[in-house]
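Q: Structure for the following, please:
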Amino acid sequence: MNGSLFQQALLEGEYGPHFFAYYYKQWNSYTMAYHQHHSTEIMYLISGSCIVDVRQDANAEERYRLKRGELIMLDANVPHRLIVEEGTSCRMLNVEFGFTASTGAAPSIARLAGEEEDLAALLRMPFRSLVLPDPEEVFHVLKSLVLELDRHGGDGEARGAGQGGIMIGLLFAELLLRLSRLRREQLQTSQQPSQLYVRRAIEFLHQNYDRSIQVKEVAAEVSVHPGYLHRIFRAHTGRTLTDYLNMLRMEKAKMLLGQSEIPVAEIADYVGISSRQYFHLLFKKYTRCTPVEYRNSIERFSWSDHQPTATDR
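A: Numbering: from 1, shown residues only. Have a look, this model is predicted:
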C-alpha cells in the first residue's frame, strides 16, 4: 500500500499507521534540493521561519512561508524543498508515515472516519500540500507520538501501531482527528472569520472560569476589540459573553455539588466567584434552587434510586 492519505482502501479496510521517520531538526541558512517521499509527511515549525516550495505539476509550484506554530502536510510523492533564508533559522519536528494492515487494538482509520465526519471529509478531499495554523493542539500530540515511537523504535526500523503498542495507534488517531478538525475550522473561517474568534473565546472561558475574567481580557486573548467580540459572540451563541460564563460556572458548580464532597461554602471559589452571596444568587437564578437544596436533592435521589440487593439485607 502506498503512503498517500487519499486511498479508498483506507475508508474500507482495516489499516493503521506505519512510520518511516520522525525527528527534530534545527536548520540554519539552508537550501534543500527538491525531493519527494513515498510517505505522507508533516513538517511542524516549532520556532523561527522558513519557506517550503511545492511542485504542483511540471510547470507550476507553490511557495509557502511558514512561521512558528504552523505545519504543512505533504501527500506522498509530492516534490518539495525547504529553504531557510540567509541569516535566519528554524526548528522543525518532522514525521513521515504510510499505512499497513491494522493489527493493534487502536481503531482503524476506516472506523475513525466512520465516527468522525471531519476526518471522512479530510480523506475525501485530496490535496498535494496543506498549511494549517495550530493552537498547539497538534504539537502536543506530535511530541507525545514521537516520544512513544522512540520508546518502541530504537532499532531504527519503520514502526507501526501493531509494532509499538496501542499508545502509538491511539496517538496517531488523535493526530488525524485534530488535523481534520483544524482543516474544517480553516474552511469555515475562510467563509466566516468570526466563528474562529467565538470558538477561541469559548475555549478561553472553559480554561479560565475558575478565576476573575473581564471581557477585555477575553478580547485581548483572541485579538479583537471587546465591542466586536460582544456582538459576534451573541450572534453565534445567542448569549452574551458574561451570561455564557455564568452558565458555565453554574454547570461546573452543579457537577461539584453532585459528584464531590467539597463543602458547599467553598464551591464558589472553585468556579471563580469571590462572593459567596453572589454565587448563591446566581445559582438560584440558573437552577431555581440554592446550592444546599441542589446537593440535598442529589443525595435523596441517589438514596431512593438504590434498590436493595441480597448483599444489602
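
Q: Count the residues that sit near Ser274.
A: Ser274 has 10 neighbours, counted by other C-beta atoms under 10 Å. Where C-beta positions appear, they are placed from N, C-alpha and C, glycine not excepted.

Q: now it, what's its secondary structure?
A: Counting by DSSP: H, G, I helix; E, B strand; the rest coil, the backbone at Ser274 sits in coil.

Q: what's near enough to touch it?
A: Going by C-beta atoms under 8 Å, 6 or more residues apart in numbering, Ser274 touches Ser212, Ala268.

Q: change it to 10 Å
A: Arg211, Ser212, Ala268 (C-beta atoms under 10 Å, 6 or more residues apart in numbering).

Q: of those residues, buried ones?
A: Buried residues within the contacts of Ser274, counting neighbours by 16 or more other C-beta atoms under 10 Å: Ala268.

Q: In TSV, list the contacts of Ser274 along with secondary structure and distance to Cys90.
A: Compiled in TSV, the contacts of Ser274 are given as follows (DSSP: H, G, I helix; E, B strand; the rest coil; distance: C-beta to C-beta, whole Å):
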residue	secondary structure	distance to Cys90
Arg211	coil	35
Ser212	coil	38
Ala268	helix	47
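
Q: Out of the contacts of Ser274, which is nearest to Phe139?
A: Proximity of those to Phe139 (C-beta to C-beta) peaks at Arg211, which lies at 25.3 Å.

Q: Surely the closest one touches Leu205?
A: No - between Arg211 and Leu205 there is no contact under C-beta atoms under 10 Å: 11.0 Å.

Q: On the three-state scheme, the closest residue to Glu12 other than its chain neighbours is what?
A: Distances taken as C-beta to C-beta, 6 or more residues apart in numbering place Ala110 nearest to Glu12, at 6.1 Å, with adjacent residues excluded. With three-state DSSP as the basis, Ala110 sits in helix.

Q: was I right about Ala110 contacting Leu123?
A: Yes - Ala110 is within contact range of Leu123, at 9.4 Å (criterion: C-beta under 10 Å).

Q: any common contacting residues for the two?
A: Taking C-beta under 10 Å, 6+ apart as the contact rule, the neighbours common to Ala110 and Leu123 are Leu10, Leu11.

Q: Pull out the buried residues from the longest strand anywhere in the chain.
A: In terms of residue count, the longest strand belonging to the chain (DSSP state E) is strand 80-101. Within strand 80-101, the residues scored as buried using 16+ other C-beta under 10 Å are 80-84, 90-100.

Q: what separates the residue found closest to Ser47 once you drop the neighbours it is linked to in the chain from Lys25, distance-wise?
A: Counting by C-beta to C-beta, 6+ apart, Arg91 is the residue found nearest to Ser47 once chain neighbours are left out, at 4.7 Å. Remark: distance between Arg91 and Lys25 (C-beta to C-beta, to the nearest Å) = 7 Å.

Q: Good, wrapping up.
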